[in-house]
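Asker: how does the following fold in three dimensions:
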Amino acid sequence: MANFYNPSSLSLHEEISKDEKRGYFLKDRFEQDNELVFDVEENTNLDLTLVDFSSQDVNVHILANLKRNSSVNIQVASLCSQKYQKHFQVDVIHVQGDSLSRTKMAGINAGEGKLFFLGNSTIVNGAHRSDTRQEGKITNLNPLAKSEVSPSLLIKENDVKASHGAAVGAYNESELFYLMSRGLSLEESKKLITYGSLLPIIESLGDEKLVEEAKNSMGELSL
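Answerer: Numbers count the residues shown, from 1 in each chain. Next comes the predicted model:
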């Protein structure tokens, strides 16, 4: 797996002609506006993981164009603190049929900033038997936090599968009650729920050092 620790820029346009797994971990300063464009060729798979724990404003656009019998799995995890504004948009275009896409975004808004998870899944006319799903979830830890999750489906073909899901809110009180009834403190319960939403994506980075550093960054979070 190709891993990139805190690259200075994410802007690129690449053709993916063989199966590839790629992970980005953003922690320090990097360019604010970034666009990653991938043309995924026939019979090819791209697994892309982006974990953002940076202390700055962020604007990232990811676009994947899928040809016949190709697939993409995009995962984004973000931690927004203080008054930063973070904007992530993931667009997938099924240009040809028998293509598959999965997009999953999970975020924690811990300050008074703004966190946005947006995206479009497009299946063009003629892209038969394509399959797409987008889902996103943001947990707000501060009553002044502003977050939005807005996946969109643009479907121009009948013989396809398409779905999406979105959730924004504070902690689930019933989950907190259950964990606290098992002997955990309120702080421990909140951290366990937080870790549970981000860890599956973080572990997809595939690099032990990066995963451990991301876990440590979460451990420093005061809830």
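
Asker: for the helix or strand containing residue 13, buried residues please.
Answerer: Using DSSP states H and E, the secondary-structure element containing residue 13 is strand 12-16. Neighbour counts using 16 or more other CB atoms under 10 Å place residue 16 of strand 12-16 among the buried residues. Every C-beta, even on glycine, is put in place using the N, C-alpha and C of the backbone.

Asker: check stretch 33-46 too.
Answerer: Residues of stretch 33-46 classed as buried by neighbour count (16+ other CB under 10 Å): 34, 36, 38, 39, 40, 41, 44, 45, 46.

Asker: let me know the average pLDDT across that stretch.
Answerer: Along stretch 33-46, the predicted confidence averages to a pLDDT of 96.

Asker: before we move on, what about stretch 107-114?
Answerer: Throughout stretch 107-114, pLDDT has a mean value of 92.

Asker: now the end-to-end length of that stretch.
Answerer: The first and final residues of stretch 107-114 sit 11 Å from each other (CA to CA, to the nearest Å).

Asker: not counting its own residues, what contacts it?
Answerer: Applying CB atoms under 8 Å, 6 or more residues apart in numbering, the set of residues contacting stretch 107-114 from outside is 76-87, 115, 117, 136-142, 144-148, 194, 197-198, 221, 223.

Asker: how far does that stretch sit from its chain's centre?
Answerer: The chain centroid and the centroid of stretch 107-114 are separated by 15 Å under CA atoms, centre = their mean, to the nearest Å.

Asker: what of stretch 62-82?
Answerer: Once both centres are worked out by CA atoms, centre = their mean, stretch 62-82 turns out to sit 7 Å from its chain's centre.

Asker: tell me which residues of that stretch come out buried.
Answerer: Counting neighbours by 16+ other CB under 10 Å, one finds that the buried residues in stretch 62-82 are 62-81.

Asker: quick one: residues contacting residue 75.
Answerer: Residues touching residue 75, when contacts are defined by CB under 8 Å, 6+ apart, comprise 48, 49, 50, 103, 104, 105, 201, 204.

Asker: and those residues, which are buried?
Answerer: 48, 49, 50, 103, 104, 105, 201, 204.

Asker: sort out for me which of those residues are in strands.
Answerer: By the criterion of DSSP state E, membership of the buried ones among the contacts of residue 75 in strands covers 48, 49, 50, 103, 104, 105.

Asker: beta-bridge partners for the residue nearest the centre of the chain, please?
Answerer: The structure's the chain has its C-alpha centroid closest to residue 76; by CA atoms, centre = their mean the separation is 1.8 Å. In this structure, residue 76 has beta-bridge partners residue 50, residue 105, where bridges are defined by DSSP bridges.

Asker: surely it is in contact with residue 116?
Answerer: No. If you go by CB atoms under 8 Å, residue 76 and residue 116 don't touch, sitting 11.3 Å apart.

Asker: and for those two, which residues touch both?
Answerer: The contact lists of residue 76 and residue 116 share residue 88, where a contact means CB under 8 Å, 6+ apart.
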